[in-house]
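1. Got a sequence here, can you model it:
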Amino acid sequence: MVDNNIKFFKLRDKHKEFIYDSYKISEDSESINIEYKFEIPNLKVFMPKIKILKKGLIVNKIDNNKEYINNIVFHIGLIELISYWKCVCSPNVIIKCGRINSEQIAWFKKLYFYGLGELFFTNNIKTNINEFMNIICEGEKDYSNVEVNNNNFSFKNYIIPIGGGKDSVVTLELLKNKEDNLGLIINPKPVTLECAKIAEIKDDNIIEVRRVIDKELLDLNSKGYINGHTPFSSLLAFISYFVAFLTGREYIALSNESSANESNVDGEKINHQYSKSYEFEKDFEEYSKKYLKLPIKYFSFLRPLNELQIAMIFSRYEKYHKVFKSCNVGSKGEVWKWCCECPKCLFAYIMLSTFLYKEKIVNIFGKDMFDDESMKETFIELIGKGRNKPFECVGTYEEVNCAISRTIKNIEKNGEKLPYLLAFYKKNYEVKDISEELLKRYNKENNLSEEQEKIIKGAIYDR
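-> Model (predicted):
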């Protein structure tokens, strides 16, 4: 087996430069089209594409705002490039289509380094934030001080990214009475479109973004070049900001909860959800104010909540129960389904079982996952007794243990037999139900307005 840390240094030595060469923007009657050109000299040229379908919702036209649009499209490219750079982890990133200042370079290096923390960890790559990459700007256009006249624009109402899982459903429902909400879906699937439909977001109010990954990247992945998790939510941040500008939206309401802040590896800052964390949210807010300069607020509407509270609220919305999906493994097939074999499925099952066990949740997943002995090791990792927390978007150890304890007590209260995994838990660990305290908890580290906080508190306290 090849040592990936050795592979890392060999690839860096062979491919010393990664080039962000250029970007192109075009527009037709149906869409705004963006194409980037990245290059690893003597290896590959990549031409990824992003298409934004307009549906008549664009109020800030490209022709009237060329300089500003160039600025934000250039920034999206600074995020898009990381998926391609990671193949060889070149020590030098050369930006030929623009320049940013030292503060901006430090900001992006921080995002890249911590956003790739899982990739470095799972590939046993030993590096640090100072040495993993140099960003060298050779372009003439300065993107550190692009001015924009805010008086030309009017921003109001919400745009809500829709992922198809329980979190974005809760945001859709709690903000349902806000006038003229838009849904934003990247690479739409029937599940995401159906969730938007159930939430009564009209088809004309859904902005669809098609992100096309260059097949040359997939070719390198198949040949054993470095591959792994990248900070996709940071790409969503910049794309949603661009869409908010185009459509005149004031709020981008994400659905990242408080547990997104927790590391997957004890004692180290390695977080699968780094670009969903409050730290990134604050960093993006500060960066956008200084360098993107519009009165658009990017924030997580669910940040005050924990996973148990979100599961409680979601359990009320039965109309979504047979539609929503969170399983990344199951999303890769023609029909998005729960695979019932991955940490994401088991985590969702654990949280929802607190409120829906047994018939209702079995109807959702198609089986009782608590009776699946093959999930024992994943179960142990989720409760914090394994080596690491699974590298998935899952909650904290406290949330998982609390949900399990509450479900055990609910089952025993009804005089029923515990299924395999819950019986294993009761035999080996303390059953400690702190759910009432957890369901009343409120995370004050958030960027909500007073009005938005009132909506969230009503959902958890008025029950």
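2. can you map out the helices along the stretch 101-250 of the chain?
-> 102-115, 117-122, 166-174, 190-198, 215-222, 232-247 (DSSP state H, counting those that start in this stretch).
3. Out of the ones you listed, name the one with the poorest average pLDDT.
-> Among the helices of the stretch 101-250 of the chain, helix 117-122 has the lowest mean pLDDT, at a mean of 91.
4. got a list of what Glu200 touches?
-> In this structure, Glu200 makes contact with Lys176, judged by Cβ atoms under 8 Å, 6 or more residues apart in numbering. (Each C-beta comes from the backbone N, C-alpha and C, glycine too.)
5. and it, how far is that from Glu173?
-> Distance from Glu200 to Glu173, counting by Cβ to Cβ, to the nearest Å: 10 Å.
6. what residue ranges in this protein are flagged as low confidence?
-> Counting by pLDDT under 70, the chain has low-confidence residues at 1-3, 56, 63, 149-153, 267, 463.
7. redo that, cut-off 80
-> Along the chain, segments meeting pLDDT under 80 span 1-5, 55-64, 147-154, 177-179, 259-272, 330, 333-334, 393, 462-463.
8. Please parse it into its domains.
-> Per automatic domain parsing, the structural domains of the chain span 4-300, 308-441.
9. Among those domains, which comes closest to Ile456?
-> Judged by Cβ to Cβ, the one of the domains of the chain that comes nearest to Ile456 is domain 4-300, at 7.2 Å.
10. Most distant residue from the centre of the chain?
-> What lies farthest from the middle of the chain is Gly415; by Cα atoms, centre = their mean that is 40.5 Å.
11. Would you mind listing the residues in contact with it?
-> Listed by Cβ under 8 Å, 6+ apart, the contact set of Gly415 is empty.
12. returning to that earlier point: columns distance to Ile456 on top of the domains of the chain, output as JSON lines?
-> Formatted as JSON lines, the domains of the chain follow (distance: least, Cβ to Cβ, whole Å):
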{"stretch": "domain 4-300", "distance to Ile456": "7"}
{"stretch": "domain 308-441", "distance to Ile456": "9"}
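13. thinking again about what came up before, for the residue farthest from the centre of the chain, give its distance to Thr354.
-> Separation of Gly415 from Thr354 (Cβ to Cβ): 19 Å.
14. follow-up on the earlier one: mind checking what secondary structure the residue farthest from the centre of the chain has?
-> coil (DSSP: H, G, I helix; E, B strand; the rest coil).
15. Show me the strands in the protein, by range?
-> 17-27, 31-40, 44-46, 49-53, 92-95, 134-137, 158-161, 182-186, 206-212, 251-254, 297-300 (DSSP state E).
16. could you dump those strands to a markdown table with distance to Ile380 and mean neighbour count?
-> Shown next, in a markdown table, are these (distance: least, Cβ to Cβ, whole Å; neighbours: other Cβ atoms under 10 Å):
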| stretch | distance to Ile380 | mean neighbour count |
| --- | --- | --- |
| strand 17-27 | 40 | 18 |
| strand 31-40 | 41 | 20 |
| strand 44-46 | 40 | 18 |
| strand 49-53 | 41 | 19 |
| strand 92-95 | 40 | 20 |
| strand 134-137 | 41 | 17 |
| strand 158-161 | 33 | 24 |
| strand 182-186 | 34 | 24 |
| strand 206-212 | 36 | 18 |
| strand 251-254 | 31 | 24 |
| strand 297-300 | 30 | 22 |
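17. So which of the ones you listed is nearest Cys342?
-> Going by Cβ to Cβ, the one of those nearest Cys342 is strand 182-186, 21.3 Å.
18. Tell me the strands beside that closest one, with direction?
-> Looking at strand 182-186 with DSSP bridges, its partner strands are strand 158-161 (parallel), strand 206-212 (parallel).
19. Ok, which of the ones you listed comes nearest Arg303?
-> Minimum separation from Arg303 across the strands paired with strand 182-186 (Cβ to Cβ) falls at strand 158-161, 14.4 Å.
20. List the contacts of the closest one.
-> Strand 158-161 has contacts (Cβ under 8 Å, 6+ apart) with 168, 171-172, 175, 178, 181-186, 207, 236, 240, 243-244, 247, 249-255.
21. can you check stretch 387-395 too?
-> By Cβ under 8 Å, 6+ apart, the residues outside stretch 387-395 that reach it are 118, 122, 229, 257, 259-260, 262-266, 272-273, 276, 306-308, 326, 328, 342-344, 347, 351, 378, 381-382, 397, 400.
22. can you check stretch 308-316 too?
-> Contacts with stretch 308-316, where a contact means Cβ under 8 Å, 6+ apart, come from 166-167, 169-170, 173-174, 257, 302, 305, 320, 324, 351-352, 354-356, 395, 399, 402-403, 435, 438-439, 441, 459-460, 463.
23. Identify the residue spatially nearest to Phe424, adjacent ones excluded.
-> Of all residues not flanking Phe424 in the chain, Lys376 sits nearest, at 6.8 Å (Cβ to Cβ, 6 or more residues apart in numbering).
24. does the one you found really touch Leu422, like I thought?
-> No: with contact defined as Cβ atoms under 8 Å, Lys376 does not count as touching Leu422 (11.7 Å).
25. For these two, indicate the residue with more neighbours.
-> Between Lys376 and Leu422, counting by other Cβ atoms under 10 Å, Leu422 is the more crowded of the two (23 against 12).
26. For Ile383, see how far away that one is.
-> 11 Å.
27. measure Gln273 to Ile364 for me?
-> With Cβ to Cβ as the criterion, Gln273 and Ile364 are 23 Å apart.
28. what's the answer for Lys7, then?
-> Separation of Lys7 from Ile364 (Cβ to Cβ) stands at 42 Å.
29. what's the answer for Lys269, then?
-> 34 Å.
30. Same drill for those two, tell me which one is more crowded.
-> Neighbours were counted for Lys269 and for Ile364 using other Cβ under 10 Å; Ile364 has more, 17 against 12.
31. okay, now the closest residue to Tyr112 other than its chain neighbours: neighbour count?
-> Closest residue to Tyr112 apart from its sequence neighbours, by Cβ to Cβ, 6+ apart: Ile82 at 5.7 Å. Counted with other Cβ under 10 Å, the neighbours of Ile82 add up to 22.
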